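Q: requesting a structural model of the entry that follows:
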Amino acid sequence: MTERAQWHNLGAMMRTARIKHRDGSGQMLWPVQRLVTELDRALPTSELARVRDQGVILRPWKRSAIYAAESGQVPSRELVELYDALFDYGAGTLVIVYENAKAVSPPRYRPSRGDDGYPLEGDASEFVCDVTVPDGLAVPLGARFTKIWRFRNSGTVPWVGRRLAHIGAISHFAMPTAPRAVLVPDTYPGDIVDVGVELVGPPMPGAFITYWKFVDPDGSPYFPQYPLGVNCLFRTVEGVPMPDTRIPFVSGERQG
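A: Here you go, the predicted model:
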């Protein structure tokens with residue numbers, strides 16, 4: 001998903017979260033006008049008191065800013081945190097999407113490589129499968145598990161000193177805990193390699209995603225035409241048993 005598409009996805013999620021709040025007769029409880037009025041007057045309503053007690057910033061917002069955020073323009077983090085606390089029960093999902101969209105930047109090229117270009121001529125990768133943890137897998141709150149992807153060196157350049165790096169925001173209480181990068185074993189042309197990262201899910205229900213990308217020792221990405229690389233998408237659900245994440249699962253056709 002491109003950076004622009006991620007912002008539009010966040011805007012759609014913010015809008016959907018808000019319009020889900022309706023009373024018994026089907027009337028929307030939180031249209032944009034009410035949200036603007038309540039924040040501007042700082043009324044001590046139960047909903048606003050609840051999010052204020054959680055440390056969420058309450059400040060006046062213009063309708064134009066809210067409509068712009070819900071239509072896919074880049075919102076402020078304060079507005080995303082307000083929507084998350086007020087309309088998504090503090091699950092952290094909106095904040096995670098915001099942080100990932102903010103952190104994913106256009107691919108960087110190495111001018112020091114000169115006329116050789118980057119990546120190296122003949123360098124190519126092929127995503128083979130998700131070995132463990134299929135997309136959307138439900139795990140308990142705070143579960144620890146290992147996600148493994150399988151890649152093939154489909155080019156003519158040996159992979160030496162390569163790492164699989166975490167692309168996105170630094171972990172906090174509402175996001176998965178993940179290493180910044182893991183070493184990719186040396187892989188020669190035509191060979192297949194499995195690369196795994198250990199993840200810890202947040203201690204709250206929600207849907208979470210982490211993005212990973214091949215980088216060199218300096219952190220510059222290989223295969224910049226695939227800016228997001230591979231990902232791990234999972235759900236934390238209260239009370240579900242821990243699945244056997246060692247079970248192989250084959251799916252997808254993405255690039256590393």
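
Q: helices or strands up against the helix or strand containing Thr16?
A: Following DSSP states H and E, the helix or strand that holds Thr16 is helix 3-19. Applying 3 or more C-beta pairs under 8 Å, 6 or more residues apart in numbering; DSSP states H and E, we find helix 3-19 packed against helix 63-70, helix 77-87, helix 93-103. The C-beta positions use only the backbone N, C-alpha and C, and glycine is treated the same way.

Q: export those as JSON lines, with columns for mean pLDDT and mean neighbour count.
A: Formatted as JSON lines, the helices and strands packed on helix 3-19 follow (pLDDT from 0 to 100; neighbours: other C-beta atoms under 10 Å):
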{"stretch": "helix 63-70", "mean pLDDT": "93", "mean neighbour count": "16"}
{"stretch": "helix 77-87", "mean pLDDT": "87", "mean neighbour count": "22"}
{"stretch": "helix 93-103", "mean pLDDT": "76", "mean neighbour count": "22"}
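
Q: distance to Leu141 for these - can I get that in a markdown table?
A: Listed next are those as a markdown table, based on distance: least, C-beta to C-beta, whole Å:
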| stretch | distance to Leu141 |
| --- | --- |
| helix 63-70 | 29 |
| helix 77-87 | 18 |
| helix 93-103 | 14 |
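
Q: that older thread, got the contact list for the helix or strand that comes right after the helix holding Thr16?
A: Sequence order places helix 32-41 as the next helix or strand after helix 3-19, per DSSP H and E. Among residues not part of helix 32-41, those counted as contacts by C-beta atoms under 8 Å, 6 or more residues apart in numbering are 18, 45, 48, 58-63, 66-67.

Q: in the very next helix or strand once past helix 32-41, what counts as buried?
A: Scanning forward in sequence from helix 32-41 by DSSP H and E, the next helix or strand is helix 46-53. By neighbour count on 16 or more other C-beta atoms under 10 Å, the buried set for helix 46-53 is 47-48, 51.

Q: any chance of these in TSV, with pLDDT and distance to Gly190 too?
A: Shown next, in TSV, are the buried residues of helix 46-53 (pLDDT from 0 to 100; distance: C-beta to C-beta, whole Å):
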residue	pLDDT	distance to Gly190
Glu47	82	59
Leu48	85	61
Val51	80	55
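
Q: how big is the angle separating the worst-scoring helix or strand of the chain on mean pLDDT from helix 3-19?
A: Using mean pLDDT, DSSP states H and E, helix 93-103 stands out as the lowest-scoring helix or strand of the chain, at a mean of 76. Angle between the axes of helix 93-103 and helix 3-19 is 160 degrees (criterion: axes from the mean of the first three to the mean of the last three C-alpha atoms, to 10 degrees).

Q: on contacts alone, who are the packing partners of the helix or strand following helix 93-103?
A: Next along the chain after helix 93-103, taking DSSP H and E as the criterion, comes strand 125-130. Contacts defined by 3+ C-beta pairs under 8 Å, 6+ apart place strand 125-130 against strand 144-153.

Q: direction included, what does the strand it packs on pair up with?
A: strand 125-130 (antiparallel), strand 192-200 (antiparallel) (DSSP bridges).

Q: pick the most buried one from the ones you listed.
A: Of all those, strand 125-130 carries the top mean neighbour count, a mean of 20, counting by mean count of other C-beta atoms under 10 Å.
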